[in-house]
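1. Starting from these lines, generate the structure:
(one chain, ligands or ions: 1)
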Amino acid sequence: MRESSSTYASRIRRFHLPRLCVAVIGSDPADMIERAESLVRDNPFLEFRLDYLSQPLAALAKLKIFLELHPEATFIATCRRAVNGGKFRGSLANELAILRKAADAGFPLVDLELQSADSLKADELRDLYDRVGLILSHHNFKSTKKLEEQFAEMSQYPADFYKLVSTATNLYDNVVMMKFLEKTSAKHEMVGVCMGEPGIISRALAVRAGSVFTFGAASKGEETAPGQVTASELRDIYRIEMVDQATQVYGVVGDPISHSLSPVMMNAAFRRETVNAVYLALHAKSLKDLLGCVRDIPIRGLSVTMPYKQEILDELENSDPITKQIGACNTVVRAADGKLYGFNTDVAGIVVPLEQRMTLAGTRVLIVGAGGAARAAAFGLKAKGAEVFITNRTPEKGQTLARQSKTKYMKRAEVAKQQFDIMINATPVGMNGSKQSPLEDKELNTKYVFDLVYTPAETKLSKMARAKNLQVIPGLEMFVQQGARQFEIWTGKPAPIAEMAYVVTKALERRASEEAVEELPAPTKKSAAKPAAKPKSPAKPAKKSAKPARKK
Ligand code: NAP
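-> This next block holds a predicted model:
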């Protein structure tokens, strides 16, 4: 039995089963086919979630036509029952009838939950297995525990692929899943992934550990499992098709982290410089959780963001002198000996854009703020010979920074009376929809304004500065330069700065337009009455079949 199962699975793999399977949902067959049609060109591996249809059995005649039109693609039919987290409320007998008919309609693979397999008679399961490629699945919606035990139960049954899906409650659960896949994939055709927000990294890394493929959502809002990432993100940002055992892993760690643009920027840099590496967003609820992953995955380098920039220092073997002075680390390298070393590239993020425009020695700089970014600015600019002044909402914190960095504290009331070359906003004022400015118009007595805020790209402060014909340096330049320096520390190669700036600019534009749509007033009854029709994508001409033959 095992021999025939591996033969079929290896036959499917020989036909280049893609790494990425995209789940297709729809309320009726026409809707589902329209979605599939728009996806199949870029995603030649689709899972039809028949359980989302009100009449899955009746839909299969129409889906058969779609399958015949796309012989180049591979399809899975899934009709997951509600008890297993799906939407199908019919009986087990009905589920089996649907999967059989799906096989007859030309689906080369069907997905059956372990609980359904447990309830089927041995000859019913055998019959299904003889008709079609079988993915035997188990979903755990609570935890990532006892994977071996679950697999031992599953492997009593014949299947071409064994799919274990668990729920990650912390980052380390991804490591548990990957270790399990590394062990079992040597002997079996495995598919494994962790659901949930902390499990997102498994969506890109499981294939590296031996999962034959992974799943992606067709688009945001069409996720069929918690924490599912969109197929385009997996393909275009994480380059899932090239991730292999040699792929080095990097990431940005923070809490929260989902809005970070670092994955977009750093993966683009790796792609441009053809570095076999993937860069992930690591949502760590504690530093302990992160450190287990760093050593076990293993992760080669980290960008560190709030709230871990200070706390991580205690975990490092060593860090460079300016990182120690600043007391914050935003870049970690895991050396060949496994030890962690820290750097602060925020300094380069602030100094490089300024040095591209002027010589810093002797310039008068005002820094507004006394947090991590202000500290990087104060120490970095002082080291370049600038005359640095600090002002801050909480004067004591500003005074402490001024003392430590051997710069000067300036009372806020004094700012409007003074002239500067550069003013730096190192506060979050102006970020994410806040229409505030950290400085008043009358205080902008300067040639340059460097607003470290980069979301949105254009802030109230930058608008005020432009209106006064001042030179504005956007926070995006800091973001790109600090990332470029990280890339150089990790790879030893010059960073593709133009490419990095381009992808971040585009991502910010996309974000701004999505936010603008969200801010639009709700449609009136009249305007909402007739929604615009979705454009139909043209059907592709049939090609010669490269699809794996079905079992006899
Ligand atoms: P932080 O450590 O939390 O420090 C924030 C500073 O801003 C503190 O000094 C705080 O004053 C002050 N502040 C906060 N809210 C304020 C308000 N409403 N009015 C006046 N002052 C206020 O943050 P950080 O890491 O330094 O980051 C500061 C900002 O820099 C971020 O929000 C981000 O926009 C930007 N940044 C950009 C990049 C980039 O790559 N472009 C990188 C890092 C940071 P108190 O001392 O009184 O609390």
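2. residue contacts, residue 307?
-> 254, 255 (Cβ atoms under 8 Å, 6 or more residues apart in numbering). C-beta here means a position set from N, CA and C on the backbone, and glycine is covered the same way.
3. Would you quantify the distance from it to residue 290?
-> Applying Cβ to Cβ, to the nearest Å, the value for residue 307 to residue 290 is 12 Å.
4. Quick check: neighbours shared by these two?
-> What both residue 307 and residue 290 touch, as defined by Cβ under 8 Å, 6+ apart, is an empty set.
5. which ones are touching the nearest residue to residue 117 once chain neighbours are set aside?
-> In space, and not counting its chain neighbours, residue 117 is closest to residue 157: 5.2 Å by Cβ to Cβ, 6 or more residues apart in numbering. Shown in contact with residue 157 (Cβ under 8 Å, 6+ apart): 114, 117, 125, 136.
6. what's the neighbour count on the second one?
-> Translated: residue 117. 24 (other Cβ atoms under 10 Å).
7. I'd like the contacts of residue 157 written out as CSV, with secondary structure, distance to residue 319 and pLDDT added.
-> Listed next are the contacts of residue 157 as CSV, based on DSSP: H, G, I helix; E, B strand; the rest coil; distance: Cβ to Cβ, whole Å; pLDDT from 0 to 100:
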residue, secondary structure, distance to residue 319, pLDDT
114, helix, 49, 97
117, helix, 53, 97
125, helix, 58, 96
136, strand, 49, 97
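8. and the two most separated of the residues you listed?
-> Pairwise distances across these (Cβ to Cβ) peak at 11.0 Å, for the pair 114 and 125.
9. how about the residues of the stretch 451-552 of the chain that lie near the ligand?
-> Counting by Cβ under 6 Å from any ligand atom, the residues of the stretch 451-552 of the chain lying close to the ligand are 452, 453, 454, 475, 478, 479, 482.
10. Return the item of the residues you listed having minimum pLDDT.
-> By pLDDT, residue 454 ranks lowest within these, coming in at 93.
11. and the closest residue to the ligand within the chain, how far is that from residue 26?
-> Nearest to the ligand in the chain, going by Cβ to the nearest ligand atom, is residue 371, at a distance of 1.9 Å. Plainly put, residue 371 is 48 Å away from residue 26 if you go by Cβ to Cβ.
12. ok, those two, which is more surrounded?
-> Applying other Cβ under 10 Å to residue 371 and residue 26 shows that residue 26 carries more neighbours, namely 20 against 16.
13. and that one, what pLDDT?
-> On the pLDDT scale, residue 26 is placed at 94.
14. Get me the contact residues on this structure for the ligand.
-> 346, 349, 369-374, 392-394, 397, 426-429, 431, 438, 452-454, 475, 478-479, 482.
15. for this protein, what's the longest helix?
-> Counting by DSSP state H, the longest helix found in the chain is helix 497-519.
16. For that one, could you pull out the residues that count as buried?
-> For helix 497-519, a neighbour-count test (16 or more other Cβ atoms under 10 Å) marks 497, 499, 500, 501, 503, 504, 507, 508, 511 as buried.
17. tell me what it is packed against?
-> Counting contacts by 3 or more Cβ pairs under 8 Å, 6 or more residues apart in numbering; DSSP states H and E, helix 497-519 is packed against helix 262-272, helix 475-491.
18. partners of the very next helix or strand once past the first one in the sheet?
-> Sequence-wise, the next helix or strand beyond helix 262-272 is strand 277-283, with elements assigned using DSSP states H and E. Note on strand 277-283: by DSSP bridges, its sheet partners are strand 248-254 (parallel).
19. On the three-state scheme, residue 162 is what?
-> What DSSP: H, G, I helix; E, B strand; the rest coil gives for residue 162 is strand.
20. ok, back up a step: max pairwise distance over the residues of the stretch 451-552 of the chain next to the ligand: which two?
-> Comparing every pair within those by Cβ to Cβ identifies 453 and 482 as the most remote, at 14.1 Å.
21. Next, count neighbours for the nearest residue to residue 89 once chain neighbours are set aside.
-> Using Cβ to Cβ, 6+ apart and skipping the chain neighbours, the partner closest in space to residue 89 is residue 82 (5.3 Å). By the measure other Cβ under 10 Å, the count of residues near residue 82 is 11.
22. Against residue 90, how distant is residue 82?
-> 9 Å.
23. Residue 420 now?
-> Separation of residue 420 from residue 90 (Cβ to Cβ) stands at 72 Å.
24. In contact with residue 249, which residues?
-> Residues in contact with residue 249 (Cβ under 8 Å, 6+ apart) are 205, 208, 277, 278, 279, 280, 297, 298, 299, 300.
25. and these, which are buried?
-> Among the contacts of residue 249, those classed as buried by neighbour count (16+ other Cβ under 10 Å) are 205, 208, 277, 278, 279, 280, 297, 299, 300.
26. So for the third one, what's the pLDDT?
-> The reference is to residue 277. According to the prediction, residue 277 has pLDDT 97.
27. before we move on, what about residue 15?
-> According to the prediction, residue 15 has pLDDT 51.
28. Low-confidence stretches in the stretch 1-150 of the chain?
-> 1-16 (pLDDT under 70).
29. Which parts of it are helices?
-> Ranges of helices in the stretch 1-150 of the chain, per DSSP state H, counting those that start in this stretch, are 2-14, 29-40, 56-69, 92-105, 114-119, 122-131, 147-154.
30. Could you give me the buried positions within the shortest one?
-> Read it as helix 114-119. Quick answer for helix 114-119 (16+ other Cβ under 10 Å): 114, 116, 117.
31. need the contact list for the residue nearest to residue 25 when sequence neighbours are not counted.
-> Excluding the flanking residues, the one nearest residue 25 by Cβ to Cβ, 6+ apart is residue 52, at 4.4 Å. By Cβ under 8 Å, 6+ apart, residue 52 lies in contact with 25, 26, 27, 32, 87.
32. among those residues, which two are most distant?
-> Farthest pair in those (Cβ to Cβ) is 32 and 87. Separation: 12.8 Å.
33. still on that earlier bit, dump the helices and strands packed on helix 497-519 to CSV, plus mean neighbour count.
-> As requested, the helices and strands packed on helix 497-519 are exported to CSV (neighbours: other Cβ atoms under 10 Å):
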stretch, mean neighbour count
helix 262-272, 23
helix 475-491, 23
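34. Of all those helices, which one is nearest residue 38?
-> Residue 38 sits nearest to helix 262-272 of all these, at 23.3 Å, using Cβ to Cβ.
35. Tell me the buried residues within the contacts of residue 52.
-> In the contacts of residue 52, burial by neighbour count holds for 25, 26, 32, 87, counting by 16+ other Cβ under 10 Å.
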